[in-house]
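Colleague: Build me a structure from this.
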Amino acid sequence: MRARLLPPGEPLEARRRLFFFCLTAPVILYVLACAVWPAVVGLSYSLFRYNLLRPQRTAFVGLENYVALWTDPSTRTAIFNTLAFVAGAVILEFVAGFALALLLWRDRLINRVSLALLLVPVTVTPLATGLIFRALLTPDYGPIGYWARVLGISSERGFLGSPQTALATIVAMDVWQWTPLMMLILLAGLKSIPSSFLEAAEVDGATAWQRFTTIIVPVMTPTILLALLLRVIDASMVFDTIYVTTNGGPGDATNVLMIRAVKEGLEFFNIGTASAISALMLALVAVMASVFFVLINRYDRKAAP
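Modeller: Predicted structure coming up:
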């Protein structure tokens, strides 16, 4: 009866596709307007020598801005600091998050209370986190920084004022804030593992380590890759915490690509150079995301029957 109500020559599948297209059209338009179009404009600016203070001198220079990035010591340092920050922060967050997820795996009251408390750092904005830690680590009056200086643990300039410890301190701040998020994602993956798998392995005499390596890790692989991908992308664009604590200093010790791009664009008004740095960041994120997608696809093909 319902088939007779459809217009002749218009199958149900075609109307379903049109319906779903209408649902997704606003999202597609939003992405095009807020993500794709700004990226295209930024890429076009990166091919010009464009300074807002001297707009009449704008000229097409091709890849000259990109070549200048590799010859600029400050930009090379920013690339190294970005990669070092991403590697250090994500690895520590993954290890600590996985350990906490295993500890909170069992559904007990103390675990639920602990989970709620551990998620508090995630609710704090990165800007507020930077301000809080800057106050805590100030060597003159900070509760942590003062005693660390008095006891000789840090230099006279504090953890954030020393080139040897500034980047490691920023990494520790990021670990404090985002380890709970990593823990939450991994905990969701752990809870999706059928208990029958582990019970059968335990009956067969498998040790806790054997159950972890042969059951938990293989089943958790897609979740692990997803958690790592999300944190790698987010850590690659770190800005707020560094901006309010060190602003890239001392020297270039905490100068990352996002800080470098903001300084070039909003302090020196070199829009062409800032756009080239942003394009480089986009390329780095795309490469890292592609690696994770390849790993996920390989796992899916391997797990497919």
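
Colleague: ok, now which ones touch residue 276?
Modeller: Going by CB atoms under 8 Å, 6 or more residues apart in numbering, residue 276 touches 46, 65-66, 68-69. Where C-beta positions appear, they are placed from N, C-alpha and C, glycine not excepted.

Colleague: which residues in the stretch 101-250 of the chain form strands?
Modeller: With strands called from DSSP state E, counting those that start in this stretch, the stretch 101-250 of the chain shows none.

Colleague: What residues of stretch 62-79 count as buried?
Modeller: Neighbour-count burial for stretch 62-79, counted by 16 or more other CB atoms under 10 Å, picks out 64-66, 69, 75, 77-79.

Colleague: any idea how far residue 249 lies from residue 81?
Modeller: Separation of residue 249 from residue 81 (CB to CB, to the nearest Å): 12 Å.

Colleague: shared neighbours of these two, which are they?
Modeller: Contact criterion CB under 8 Å, 6+ apart; residues bridging residue 249 and residue 81 by contacting each: residue 255.

Colleague: Settle it for me: which of the two has more neighbours?
Modeller: With neighbours defined as other CB atoms under 10 Å, residue 249 and residue 81 compare such that residue 81 has more, 24 against 16.

Colleague: Is the more buried one in contact with residue 251, as I believe?
Modeller: No. Using CB atoms under 8 Å as the test, residue 81 is too far from residue 251 to be in contact (11.0 Å).

Colleague: residues making contact with stretch 144-161?
Modeller: Contacts of stretch 144-161 (CB under 8 Å, 6+ apart): 134, 136-140, 142, 162, 164-166, 169-170, 245-246, 250.

Colleague: In space, what's closest to the residue nearest the centre of the chain - neighbours in sequence excluded?
Modeller: Closest residue to the average C-alpha location of the chain: residue 234 at 1.8 Å, with CA atoms, centre = their mean. Spatial nearest neighbour of residue 234, excluding adjacent residues (CB to CB, 6 or more residues apart in numbering): residue 178 at 7.6 Å.

Colleague: swap in residue 118?
Modeller: Nearest residue to residue 118, sequence neighbours excluded (CB to CB, 6+ apart): residue 180, at 4.8 Å.

Colleague: That neighbour against residue 114, yeah?
Modeller: No. Using CB under 8 Å, residue 180 makes no contact with residue 114, being 10.7 Å away.

Colleague: Who has more neighbours out of these two?
Modeller: Higher neighbour count among residue 180 and residue 114: residue 180, with 22 against 14, using other CB under 10 Å.

Colleague: Let me see the contact set for the more buried one.
Modeller: Counting by CB under 8 Å, 6+ apart, the residues that residue 180 touches are 97, 100, 118-122.

Colleague: same thing but 10 Å
Modeller: Counting by CB atoms under 10 Å, 6 or more residues apart in numbering, residue 180 makes contact with 93, 96-97, 100, 115, 117-123, 187.
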